[in-house]
Structures are given as C-alpha cells and as structure tokens.
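Student: Model the following, please.
(2 chains)
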Amino acid sequence: MQGLLFIAPAVLFLGLLLIYPLVYTIVLSFADTNAKLEIVDWVGFENYTNLFTNDKEFLDLDSFPPTGAFVNNLKWVVLYTSLSLALGLLIAVLAARVRYEAFLKAIVFIPMAISATAVAIIWKFVYDPDPDIGSLNALITLFGGEAQAWYGREDLVNYALIWAYIWASTGFAMVVLSAALKGISEEVIEAARTDGASEWDIFRRIQLPLLSLPIAVVTVWLLINVIKVFDIIYVLTGGGPGGASEVIAFSMYDETFTNGEAGYGATVAVVMLLLIIPIMAFNIRRFRSERVTQ
Amino acid sequence: MATAEAAAYRPARRTASERIVGFIRKSPVHLALLLVAFVWLVPTVGLLVTSFREPADITGSSWWSSLLDWRYSLNNYDVVLDRGNMGESFVNSLIITIPATILPLTIAALAAYAFSWINFPMRDTLFLIFVALMIVPIQMALVPLLRLFRDFGIANGFGGIWLAHTAFGLPLGIFLLRNFFITLPRDLIEAARVDGASNLKIFMRVVIPLSVPALASYAIFQFLWVWNDLLMALVFVQDSDKWPMTIRVNQLQSEFGITWHLLSSGAFLLMAVPLIVFFALQRYFVQGLLAGSVK
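Tutor: The predicted structure is shown next:
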C-alpha cells in the first residue's frame, strides 16, 4: 500500500491537470462555446464536418493545388521529417571520418538547446528582404540573382519556415544516429574494406541496416514534433502573409484565443491527437519490446 | 578488451606525404563538412554580430562588412533590458522555470521509485498509462486548464504555469527515472529492507544518491523545455508584468516593429541561459535530450 503513497502526487497531478482536461477537450469539440469558453449548445459532429468541408483556412480542396493549414502541415510532415533525417544521417556519417568530428557535431547540435522563438528571430534575420541585412539575399545577389521576400510571399513562406526548423532539428537526428554508428563494430567494417567493398557498399549494406531502429526512433520524434509545430511560426510570420503559413496547431490557437471559438478550437486539438495516436501506438509497442529484453 | 581490439585495427603511424594524400582523397568530405559548418554557424553569428552594432550601422551597412570595421558596443543590450523590459522578464523566466523543474522532478522521482521497487496492484498498467500520456499535445489541455486556473483564482499569477508544466513534464520524468531506478542493484535495496529501512529512507538514502546522473539529465531537459516554451506562457501567463523572455522577445516585434538592434540583443539574452547550460553540462544535456527523444 505504501506504493500508492509514492504515486499519489503523480496520480493527482496527471488526473486533474492532464486526463481531466483531455476528456474535457474531447467533450468541448462537440459543443458550441461563448467568449468565456463556456459551453452553450451541443452540436454533435458539426464542428468536425465544418472543419473539413467549410473551413477554407483549414482545408481548401477546391483550389488546385489544395491549400489551408492542414495541407501546409502535410508539407511540413513530408519535408521536415525526411530532410532532418537525411541531413542528420549524412552529417553523422561524414563527420565520423574527420578529426574535428566533436567540434562539427557541437555546431550542428547547438540549435537544439535554444528556443524556437530564438530560432525564428535568427532565421527572420537571414531571410530579411534587404540584401544588405539578410544573409540569404546577400548571397543570392552576389551570384547575380534577385532578392526575395522569403517569408512575405505565399508561395515561399512555408518552405522558408520548414527549412528554419530543419536547421534547428538536424542536430537531434545527427546525435542519435552518430551514437548508433559508433556502436557498429570497426572489425566488420575493416573486414569489408579488406574484401574490397566500396565506402558506399559499406554504408548501404552494413551501416544502414544496423541503423534501422535508431532511424525509427528519430522518425517518431520528428513526426510528433512536426504535428505540434507552433512557436517558430507564431514568431517568424504570425501565420502570414494572409494566413498562408498556418498549420494545425496554429489554427487551434487562432480559433480558440483569437476568435474565441473554444469548441471549434477543441475540434482542431482532437484532430492533432488523432494524428499522433498511431505514432503513440508504435511507441508503446517499442516500450513493450524493450521491457522483454530487460 | 574492446579498446585493445580497436587499437589493433588503427592504421600504423603515417608519414607526412601519406597524410597529405589522405587529406586530398577526403577533400569532398571536408568540403561538404565545411558547407555544413557554414550553414549552421553563419545565421547565429550574423545575429550575434548585429546585436553589438549601432542601430544606424545595422541599416546602413551589412553585418559581414562590419567584421572589417570593428565598432561594437553593448548599447543594444542596455536598451533592450531597459525599454524592452527584458530585465524584468529574465527574472520572470527564472521564477517560472525553477519551480516548474523542481516540482515535476520530485513528484516523478517518488512515482518512479514506486514503479521500480514497490509492488502494488495494477502497477504495470498504471505505468503504461502514464507513459502513454507523454505524447498528449498541450493543445488538448489549454482551454480546460485555463478555466480551472480561473476558477481557482491562479490565472493571473505564476501558479497556473507551474502546475501546467509540472503535469506535462511528469510522464517523461517518470519514464526516464523509472528506467534508471530499475537498473540499481537489487541486493542493495533488499539489504536496506532487511535492515528495517522504510521505503522513504531507501528512496532518500540509497536510490537518490545513486541516481544523480539520471536526475540531472531530466532536470536539465525540463529546465530547458520550460525556459524555451512560448505556447503555454502565452495562454497561462496573462499578466504582462509576469511575461517570460520568450513572449517579450516576440513582443518586441509588435511594439517596435522589425528593429534588429532590439530583436538581436533580445534573442541573445533569451539564448544565454540555454547556451551556458549547453556548454557547461553538455554530457548530461545530450543524455537528457536523447532519453527525452520520445516526448
């Protein structure tokens, strides 16, 4: 029974401040609310059908290509996840071959320590439209190109934001994969080399297969992270220009706290949760298998 | 044994010419890594240099041209601390972050001890539920928590944000600490039990002293998580006198427009603490982040 005393504070905190709000938000998503965030009416699945069929800011399938926060977030999922992973892996593999590995890895990892707010300011400065201020436009004009308003144009803003966040997250993928690479026996690699295997063969046939679990770990982390992405957009563009850079988490905040539609905002939050649940299921399977091996 | 084997495979000491040949053969690798270093350093360095330049210089000439013409000062930091209220918000960030680290650390350690070393009904099920809560997005709790904090009258102080960060930090803390606690030697715990030590005594005298690295990793992770948080602060810290630095830095944009002398110095004040933590405690920091990779 003493066990219960030790877990009582945790149960209290998680029950009252996490599980109860979780259930409450699901309930809210079926309701209409007033400005004080109170429920005034039950609307069934109306919020959900509105979100996916009537809300052009969230999902607009009539335009081609489709637009809206949901579509933007899909771009984030594909580009952010694949590029952070690929760059992290590439840097980990290349850095392992040089003497200044530790120094290089520290440089790439530092953005992981700082807030998304700071990352947003750093990249807003890089993207500044004035080529005498923004480093990117300076580089482009140096090679004869034309300066662009990277975060001021609807067709560029999402890619500019996604790249800034890839820059911030690559260090994570790199560190995890680099640690896993170090775990692969030097003997095996040397033996393959003596047998005449090329560096590409070694990477493709020995290192990559042994990295499949850490790659899965990194992918899960990146996916969860990208579904929740908010801070960097809030600070760098505020969702603009004209709402062109909004994502799911941004819609949730906007509907709830700017428009005062807590029920509708709750619906967006539930959609976020539904996107994350399959990833959670994968994670729990992993915990289970880890426990078996312990 | 492993090091001896690795040493055997290390190539014999090479002559200078062999080293040069080796370096040239690897030159594509060096070039690629040079590009990586450039891309990861230039954005931050550019903003850092800018933070030391006079406002007129920032708009008048590029930051890289200033590298040849050293005219740097700390004036921008003075201005942003004073007019931008960054001094006040630095203190607020500390007031928010320290309790929001100690509280979940304590509660998670207690729970993790029970999950590792005390038998009670439903233990494993409860542990799985707690761990699963790790990935619930904060968005699922914002409105109900805000209403709860208003009902308790703590929506205007620091109480709400302390509680919210504690709850959302707990699942990861319990997971990490439990995974560390179960690796402690069973004999040690059993021996203390045989000597008549209570669970609280075993927890305080045996488990905690042996678990400093794990406790430090989690504490650093949680500290940086809270320090760097914007979203929860936006919702739960309503009083502008109590805003942490993340909100203040963003507020500089709406108050003064895109003024780089304020934004650059403000951003570096915000980054200072995480960077110090990073360089001083790199080992624990990386461990914490790796272990927290499930969050």
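
Student: Now tell me what touches the longest helix anywhere in chain B from outside.
Tutor: Secondary structure of chain B read by DSSP state H shows that its longest helix is helix B:27-51. Helix B:27-51 is contacted from outside by A:90-91, A:94-95, A:97-98, A:100, A:104, A:107-108, A:110-111, A:121-123, A:125-126, A:135, A:167, B:23, B:58, B:63-64, B:66-67, B:72, B:76-77, B:260-261, B:264-265, B:267-268, using Cβ atoms under 8 Å, 6 or more residues apart in numbering or on different chains. Glycine gets a C-beta too; all of them are placed from N, C-alpha and C.

Student: Could you tell me which of the residues you listed belong to helices?
Tutor: Those of the contacts of helix B:27-51 lying in helices (DSSP H): A:90-91, A:94-95, A:104, A:107-108, A:121-123, A:125-126, A:135, A:167, B:23, B:58, B:76-77, B:260-261, B:264-265, B:267-268.

Student: Give me the buried entries from the residues you listed.
Tutor: Taking 16 or more other Cβ atoms under 10 Å in any protein chain shown as the criterion, what is buried in those is A:90-91, A:94-95, A:104, A:107-108, A:121-123, A:125-126, A:135, A:167, B:58, B:76-77, B:260-261, B:264-265, B:267-268.

Student: Isn't A:Met272 up against A:Ile227?
Tutor: Yes - at 6.0 Å, A:Met272 counts as touching A:Ile227 under the criterion of Cβ atoms under 8 Å.

Student: anything in contact with each of these two?
Tutor: A:Ile248, A:Ala249, B:Pro137.

Student: The longest helix of chain B: which residues count as buried?
Tutor: Buried, per 16+ other Cβ under 10 Å, within helix B:27-51: B:29, B:33, B:36, B:40, B:42-44, B:46-51.

Student: swap in stretch B:232-243?
Tutor: By neighbour count on 16+ other Cβ under 10 Å, the buried set for stretch B:232-243 is B:Met232, B:Ala233, B:Leu234, B:Val235, B:Phe236, B:Val237, B:Gln238, B:Lys242, B:Trp243.

Student: Quick one: list the elements packing against whichever strand or helix holds B:Arg248.
Tutor: In this structure, B:Arg248 sits in helix B:245-256 according to DSSP states H and E. With contacts defined as 3 or more Cβ pairs under 8 Å, 6 or more residues apart in numbering or on different chains; DSSP states H and E, helix B:245-256 has these neighbours: helix A:116-126, helix A:231-236, helix B:86-97, helix B:231-236, helix B:260-280.

Student: now the angle from it to helix B:86-97?
Tutor: 150 degrees (axes from the mean of the first three to the mean of the last three Cα atoms, to 10 degrees).

Student: tilt between helix B:245-256 and helix B:260-280?
Tutor: Calculated by the same axes, to 10 degrees, helix B:245-256 forms an angle of 170 degrees with helix B:260-280.

Student: mind checking pLDDT for B:Ala32?
Tutor: If you check B:Ala32, the pLDDT there is 94.

Student: do the same with B:Met86
Tutor: pLDDT for B:Met86: 91.

Student: So is the strand or helix carrying B:Ile174 next to chain A?
Tutor: Using DSSP H and E, B:Ile174 sits in helix B:159-181. Yes - shown here: helix B:159-181 in contact with chain A (Cβ under 8 Å from any Cβ of the partner chain) through B:Leu163, B:Ala164, B:Thr166, B:Ala167, B:Phe168, B:Leu170, B:Pro171, B:Ile174.
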